[in-house]
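Peer 1: kindly generate the corresponding structure for this input.
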Amino acid sequence: MNIYPLLRSVLFMFNPERVHSISMTLLEFAYRLKLTRLIFGERKYAPVKVLGLEFPNAVGLAAGMDKNGDHIDALAACGFGFVEVGTVTPRAQPGNPKPRLFRLVKDEAIINRMGFNNEGVEYLVKKVKASKRDCIIGINIGKNRDTSLEHAVDDYVNAFEQVYPYADYVAVNISSPNTQGLRDLQHGEELNRLLLTLKQRQQQLKGEYGSYKPLLVKIAPDLSDAEIRQLANTLLDHEIDGVIATNTSNQRPELKSTSLASEQGGLSGRPIQPQSDHVLTVLLDELNGKIPVIAVGGIMSAADAQRKIQAGAALVQVYTGFIYSGPRLISDIADKIA
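Peer 2: Now for the predicted structure:
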């Protein structure tokens with residue numbers, strides 16, 4: 001019996017950010033009482049090797065749900081093959097003023113302008129170290145809001161160095177629409193300098209720790225075809241290990257929730273599905289199988305995930321679909337794409 005639709009109808013009556021906190025607390029409570037697998041069932045094991053790592057299955061949780069790594073084990077127990085925590089910045093920061101999270105229920109969508117609110121990288125590292133590591137753990141890193149673009153590389157290197165020993169892979173977030181100027185890092189000399197520096201540090205850290213941690217870049221859905229192809233080639237030139245496509249969108253396709261459509265922030269969920277699929281198609285064409293792509297954006301059903309895998313994605317991530325459909329979506333996808 002799937003009780004999530006009933007639970008969702010109650011939760012959706014309240015403030016989205018408050019409900020997020022309550023939901024994570026309830027999930028943690030269920031996990032500590034060893035109820036998660038009783039409620040959600042056993043994880044679907046369909047191992048897949050990507051990035052030199054063996055994933056229990058190809059379904060992951062996208063960054064943003066567990067910004068501080070507080071709930072890694074509880075989320076893994078929902079059936080995810082991998083959990084990406086963050087985005088984390090070198091220093092703690094409160095993010096943007098509230099309200100900053102909006103549900104567009106008629107559209108099965110969310111608009112957020114959270115702004116990398118997090119407790120800082122030291123806090124997150126402690127949480128990752130304390131986890132049982134029952135799945136692959138990715139750590140998504142960003143820059144602090146008050147760090148200029150000129151010094152953004154320093155923030156990324158700082159965070160990268162601290163998470164490296166504990167992450168299975170590291171994702172570089174240069175595509176959030178909620179930190180002013182961040183998306184400028186997806187282009188030109190700013191991008192080249194960032195990737196060159198991180199790759200050099202990756203090789204040094206590999207020597208220091210005796211293990212290689214893949215480095216991925218998360219890109220926006222609001223790129224032209226020419227920008228996607230240029231970005232893909234830049235990633236290949238710098239031997240980046242993989243790509244996550246895509247983040248949330250600044251664009252506003254025709255929405256049913258007209259009263260919220262004008263809210264600033266990144267749009268996720270069903271409305272960005274065509275946009276995200278298009279970016280994935282162009283990206284895969286340009287990369288030509290040279291590095292793997294993790295597909296995220298508009299995955300609201302198992303069929304949506306299957307379409308991205310059939311297009312050539314190596315793995316998928318969910319976020320908004322998880323909020324609207326609940327944990328059953330994880331097993332449905334894992335069964336569909338196994």
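
Peer 1: name the helix or strand of this structure that has the lowest mean pLDDT.
Peer 2: Least confident helix or strand, the chain: helix 36-40 with a mean of 81, by mean pLDDT, DSSP states H and E.

Peer 1: tell me where this structure has strands.
Peer 2: According to DSSP state E, the chain carries its strands in the segments 48-50, 53-55, 59-61, 82-88, 101-104, 109-112, 136-141, 169-173, 215-219, 242-245, 266-269, 293-296, 315-318.

Peer 1: before we move on, back to that, so which elements touch the least confident helix or strand of the chain?
Peer 2: Under the contact criterion of 3 or more CB pairs under 8 Å, 6 or more residues apart in numbering; DSSP states H and E, helix 36-40 touches helix 16-32, helix 328-337. Heads up, the C-betas are built off the backbone N, CA and C, glycines and all.

Peer 1: which other residues reach the longest one?
Peer 2: Pointing back at helix 16-32 there. 11-12, 14, 36, 39, 66, 70-71, 73-75, 77-78, 98-103, 110 (CB atoms under 8 Å, 6 or more residues apart in numbering).

Peer 1: kindly recompute the last result at 10 Å.
Peer 2: 7-8, 10-15, 35-40, 64-66, 70-71, 73-78, 98-103, 110-112, 114, 117, 323, 327 (CB atoms under 10 Å, 6 or more residues apart in numbering).

Peer 1: and the least confident helix or strand of the chain, what's buried?
Peer 2: Neighbour-count burial for helix 36-40, counted by 16 or more other CB atoms under 10 Å, picks out 36, 40.

Peer 1: switch the helices and strands packed on helix 36-40 over to a markdown table; also include distance to Ile228.
Peer 2: Listed next are the helices and strands packed on helix 36-40 as a markdown table, based on distance: least, CB to CB, whole Å:
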| stretch | distance to Ile228 |
| --- | --- |
| helix 16-32 | 31 |
| helix 328-337 | 24 |
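
Peer 1: can I get the strands of the chain in JSON lines with distance to Arg193, mean neighbour count and mean pLDDT?
Peer 2: Converted to JSON lines, the strands of the chain look like this (distance: least, CB to CB, whole Å; neighbours: other CB atoms under 10 Å; pLDDT from 0 to 100):
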{"stretch": "strand 48-50", "distance to Arg193": "28", "mean neighbour count": "15", "mean pLDDT": "98"}
{"stretch": "strand 53-55", "distance to Arg193": "28", "mean neighbour count": "15", "mean pLDDT": "98"}
{"stretch": "strand 59-61", "distance to Arg193": "29", "mean neighbour count": "28", "mean pLDDT": "98"}
{"stretch": "strand 82-88", "distance to Arg193": "20", "mean neighbour count": "27", "mean pLDDT": "98"}
{"stretch": "strand 101-104", "distance to Arg193": "33", "mean neighbour count": "20", "mean pLDDT": "97"}
{"stretch": "strand 109-112", "distance to Arg193": "29", "mean neighbour count": "26", "mean pLDDT": "98"}
{"stretch": "strand 136-141", "distance to Arg193": "16", "mean neighbour count": "26", "mean pLDDT": "98"}
{"stretch": "strand 169-173", "distance to Arg193": "13", "mean neighbour count": "25", "mean pLDDT": "98"}
{"stretch": "strand 215-219", "distance to Arg193": "14", "mean neighbour count": "26", "mean pLDDT": "98"}
{"stretch": "strand 242-245", "distance to Arg193": "19", "mean neighbour count": "26", "mean pLDDT": "98"}
{"stretch": "strand 266-269", "distance to Arg193": "25", "mean neighbour count": "25", "mean pLDDT": "98"}
{"stretch": "strand 293-296", "distance to Arg193": "24", "mean neighbour count": "28", "mean pLDDT": "98"}
{"stretch": "strand 315-318", "distance to Arg193": "28", "mean neighbour count": "26", "mean pLDDT": "98"}
